[in-house]
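**Q** mind folding the following:
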Amino acid sequence: MAATTMQLTKLVQKLQSDFPALTFMAADDFLWSSEKKTIYYAPEKHAQILLLHELGHALCAHTDFAFDIELLSQEREAWEIVRRILAEKYTVQLDDELIEDSLDTYRDWLHKRALCPSCGLTGLQTKTSTYVCANCRCSWRPNDARRCALRRYTATV
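**A** Numbers count the residues shown, from 1 in each chain. Sure thing, here's the model as predicted:
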């Protein structure tokens, strides 16, 4: 693990030099904050590639999203930057399985948010955080649930 930590430290130093407008900060998780122009990272097995992924968000100027599908699109876009540019430039080994597993978590998140709490069929997002079921006409608002348990609250008509 010490070698991995040293590699991460060297990568962070290189990225800070190459991207002086961004701040890189050790934390408990990986996160891009567009408001603070800060990439948060954690020492773990896949830290280097995950750090580059967060840099991908920064380079794509990702901020927030109105519709849930936009988050998945942003995730794919950030990973593409890693695949096409960053991994080779910073000599970080690509891990296609890790990338697909990461994207799968967002696909699963998106699918679960869209499931109707009344009949269980897939609904459509009609507004920011509002879904409606074409089958039973139920309307609901899911919580964020990216870092906590998913909850769906039916709307009162």
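
**Q** quick one: the helices in this protein?
**A** Along the chain, the stretches classed as helices by DSSP state H are 2-18, 47-59, 68-81, 87-89, 96-114.

**Q** show me what contacts E77?
**A** 56, 60, 62 (C-beta atoms under 8 Å, 6 or more residues apart in numbering). For every residue, glycine as well, the C-beta is placed using N, CA and C.

**Q** restricted to buried residues, select those residues in PyMOL.
**A** The PyMOL selection below is limited to those of the contacts of E77 classed as buried (16 or more other C-beta atoms under 10 Å):
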select buried, resi 56+62
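
**Q** looking at the contacts of E77, which is nearest L124?
**A** Nearest to L124 among the contacts of E77 is H62, at 23.8 Å by C-beta to C-beta.

**Q** so the closest one sits right up against S34, yeah?
**A** Yes. If you go by C-beta atoms under 8 Å, H62 and S34 touch, sitting 6.5 Å apart.

**Q** much appreciated, bye for now.
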